[in-house]
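J.: Predicted model and sequence follow; I will ask about them next.
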Amino acid sequence: MEITKELTIPKLFFQQAQAFGDDRVAMREKEFGIWCPITWKQYFEEVKYLTLGLVSLGLEEGDKVAMIGDNRPEGLWAEMAALCARGVGVWLFQDSLIDEVRYIVDHSDTKFLFGEGQEEVDKTLSIFHECPKLKKIIWDDPKGMRNYEEDFLISLKEVQQLGRELDQKQPQLFEDLIARGHGDEVALLFYTSGTTSLPKGALLSHNNMLTMGRSLMSVDPCLATDDYVSYLPFAWIGEQMMSISCGLQIGYTINFPEGTETAQENIREIGPHVMFAPPRMYEQMTRSVQVKYLDATWMKRKFYEFASAVGYRVADLKFSKTPVPWYWNILSGLAHMTVHKKLKDHLGLSRVRNAYTGGAAMGPDHFRFFHSMGVNLKQIYGQTEVAGISVVHRSGEIKFDTVGKAIPGTEIRITSEGEIITKSPSVFLGYYKNPEATVKALRDGWLHSDDRGFIDDDGHLVVFDRTKDVFTL
């Protein structure tokens, strides 16, 4: 897909909704044990009336709209509505403390805040009067909300009703708002980790986000018929990259688990084609297999030991780029039929073409384990300020001590001090209200990461000293 300067996330959303309509499922949410599909037409209508409702309430170009809650369809509707109205989306982590919520809402000049339910509303009620720009708190889940009477509280359905009324008066307004957008406008404001100082707000444009998605998809193409499970926080750039930057361009189905505690079980049910998870989740999968092995019968253990020996041998040959002899391929097929097929199905990895991990180092043993049963696990490297990632392993070129090669359109250099610097169309616009930090991070068009590393003889990036968290998962 060509990413022009005029293209925005809402324009792409509009195109996909018109193309897919009621024929394709845009997302699913599991509620009360049942997967509930939402078509592209339904997605479009939810966003349209929410957009117009926000405009009716006074949202203007450049206004900030904050969201806090679990991964649910309504969260993406709110974000897309904010962008369609030419506002700026600001996500907060679900487990943010009140002080963190206060700082981000106030610093970002948030005008409207979407809270999933009572828990999120309670957090924002206590800081409402300390944030002068905040006008309305919008809630979705009615559980526990019956006795709240503050006039600045309004339900999502009420906002959408306002949108329907505005649509009756100005039927072309929604499309006009989308048409006015430009790729260089700010789309999202992400607050980076504040472990050593107050969080910094990174400004990312529509073009930043879309070029990142295009670059990753050029390395590892996905299909519109693919499934992806969204369970990592929307406040993390990696989840935005997969759900918005890539998901919107490809049009694959985004699946929302019933809850964070059921994510692994729901992943098994869906069997996604692409997966992004922190190292700890892959480590948990490894441990679950080890436990299952210890509880197995003697015969099942022997089958597993045979399959593991074959899988590790074939994986090691591929890692070293040594041709796999025909007889090892035959044994690998037997291992797949007897053990690995069922094992991958148990872990929810039966259909995965590409599985990514990032945010922390993961030992070679885990890489070997997943590749031994045919799961194409890859390391990535990036940061919020490049709208996602800048480096990824290529299929067939996995090196345990590296994070891969730069994605198309991205240049990676190492300064004389050993710092990793990046140039890309996805490099952010700067830090909100922090020109000093912006000048420090952006120099001559290059993003300075504060990370140390080198590029090896095969063109792979090796990161050996991290002075700040690149990803917080």
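T.: Now that the structure is in, tell me what you want to look at.
J.: ok, residue 85 - contacts?
T.: Each residue near residue 85 by CB atoms under 8 Å, 6 or more residues apart in numbering is listed here: 51, 54-55, 59, 63, 177. For the C-beta atoms, the positions are set from N, CA and C on the backbone; glycine is no exception.
J.: Ramachandran coordinates for it?
T.: phi -80, psi 0 (degrees, to the nearest 10).
J.: Report pLDDT for it.
T.: Looking at residue 85, its pLDDT stands at 98.
J.: mind starting the numbering at 53 from now?
T.: From this message on, residue numbering opens at 53, which makes the last subject residue 137.
J.: Would you check how far apart it and residue 56 are?
T.: Residue 137 is 22 Å from residue 56, where distance means CB to CB, to the nearest Å.
J.: now residue 373
T.: To residue 56, residue 373 is 39 Å away according to CB to CB.
J.: So for those two, which sits in the more crowded spot?
T.: residue 56 (11 against 8; other CB atoms under 10 Å).
J.: Near the closest residue to the more buried one other than its chain neighbours, how many residues? Count them for me, please.
T.: Nearest residue to residue 56, sequence neighbours excluded (CB to CB, 6 or more residues apart in numbering): residue 235, at 6.9 Å. Number of residues near residue 235 (other CB under 10 Å) recorded here: 21.
J.: Name the SS class of residue 235, please.
T.: coil (DSSP: H, G, I helix; E, B strand; the rest coil).
J.: and residue 73, what is it in contact with?
T.: Applying CB under 8 Å, 6+ apart, the residues contacting residue 73 are 91-93.
J.: Could you turn the buried ones of the contacts of residue 137 into a PyMOL selection?
T.: Of those, the buried ones go into a single PyMOL selection, burial set by 16 or more other CB atoms under 10 Å:
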select buried, resi 103+106+107+111+115+229
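J.: Go through the contacts of residue 137 and name the one nearest residue 444.
T.: residue 103 (33.9 Å; CB to CB).
J.: ok, the closest one - contacts?
T.: Each residue near residue 103 by CB under 8 Å, 6+ apart is listed here: 132-133, 136-137, 215, 226, 229.
J.: got it, and residue 267?
T.: Residue 267 touches 459-462, 476, 478, counting by CB under 8 Å, 6+ apart.
J.: can you name the two of the residues you listed that are farthest apart?
T.: Maximum distance among the contacts of residue 267 (CB to CB): 11.1 Å, for 460 and 478.
J.: Give me the buried positions along the lengthiest helix in the chain.
T.: Secondary structure assigned by DSSP state H gives helix 350-371 as the longest helix of the chain. For helix 350-371, burial by neighbour count (16+ other CB under 10 Å) applies to 356, 359-360, 362-363, 365-367, 370-371.
J.: And stretch 386-403, by the same measure?
T.: 387-388, 391-392, 395-396, 399-402.
J.: Reformat those as JSON lines; add pLDDT.
T.: Below are these laid out as JSON lines (pLDDT from 0 to 100):
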{"residue": "387", "pLDDT": "97"}
{"residue": "388", "pLDDT": "97"}
{"residue": "391", "pLDDT": "96"}
{"residue": "392", "pLDDT": "97"}
{"residue": "395", "pLDDT": "95"}
{"residue": "396", "pLDDT": "96"}
{"residue": "399", "pLDDT": "95"}
{"residue": "400", "pLDDT": "95"}
{"residue": "401", "pLDDT": "96"}
{"residue": "402", "pLDDT": "96"}
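J.: Out of the residues you listed, flag the one nearest to residue 498.
T.: Residue 498 lies nearest to residue 401 out of the buried residues of stretch 386-403, by CB to CB, at 37.6 Å.
J.: can I assume residue 423 is in contact with residue 367?
T.: Yes - Residue 423 lies in contact with residue 367 (CB atoms under 8 Å); the separation is 4.1 Å.
J.: higher neighbour count, residue 460 and residue 478?
T.: residue 478 (31 against 13).
J.: from memory the more buried one sits against residue 266, does it?
T.: No - if you go by CB under 8 Å, residue 478 and residue 266 don't touch, sitting 9.4 Å apart.
J.: what separates the longest strand belonging to the chain from the chain centre, distance-wise?
T.: Ranked by number of residues, the top strand in the chain under DSSP state E is strand 498-507. How far strand 498-507 lies from its chain's middle: 23 Å, per CA atoms, centre = their mean, to the nearest Å.
J.: For that strand, give the mean pLDDT please.
T.: For strand 498-507, the per-residue pLDDT averages 94.
J.: just the CA coordinates of that strand, formatted as PDB?
T.: Extracted C-alpha coordinates of strand 498-507, given in PDB (Å, rounded to 0.1, in the frame of the first residue of the first chain):
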ATOM      1  CA  TRP A 498      18.400  11.300  13.400                       C
ATOM      2  CA  LEU A 499      16.700   9.900  16.500                       C
ATOM      3  CA  HIS A 500      19.200   9.300  19.300                       C
ATOM      4  CA  SER A 501      18.100   6.300  21.400                       C
ATOM      5  CA  ASP A 502      20.500   6.400  24.300                       C
ATOM      6  CA  ASP A 503      21.100   2.700  23.700                       C
ATOM      7  CA  ARG A 504      24.500   1.200  22.900                       C
ATOM      8  CA  GLY A 505      25.300  -1.400  20.300                       C
ATOM      9  CA  PHE A 506      27.000  -2.300  17.100                       C
ATOM     10  CA  ILE A 507      26.200  -3.800  13.700                       C
END
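J.: State the paired neighbours of it in the sheet, together with their directions.
T.: According to DSSP bridges, strand 498-507 forms sheet pairs with strand 471-475 (antiparallel), strand 494-495 (antiparallel), strand 513-518 (antiparallel).
J.: Same question for it: list its buried residues.
T.: Going by 16+ other CB under 10 Å, strand 498-507 has these buried residues: 498-499, 501, 503-505, 507.
J.: Columns pLDDT and secondary structure on top of the contacts of residue 137, output as JSON lines?
T.: Listed next are those as JSON lines, based on pLDDT from 0 to 100; DSSP: H, G, I helix; E, B strand; the rest coil:
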{"residue": "103", "pLDDT": "99", "secondary structure": "helix"}
{"residue": "106", "pLDDT": "99", "secondary structure": "helix"}
{"residue": "107", "pLDDT": "99", "secondary structure": "helix"}
{"residue": "111", "pLDDT": "98", "secondary structure": "coil"}
{"residue": "115", "pLDDT": "98", "secondary structure": "coil"}
{"residue": "229", "pLDDT": "98", "secondary structure": "helix"}
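J.: And residue 275, how far from residue 108?
T.: Taken as CB to CB, the span from residue 275 to residue 108 is 38 Å.
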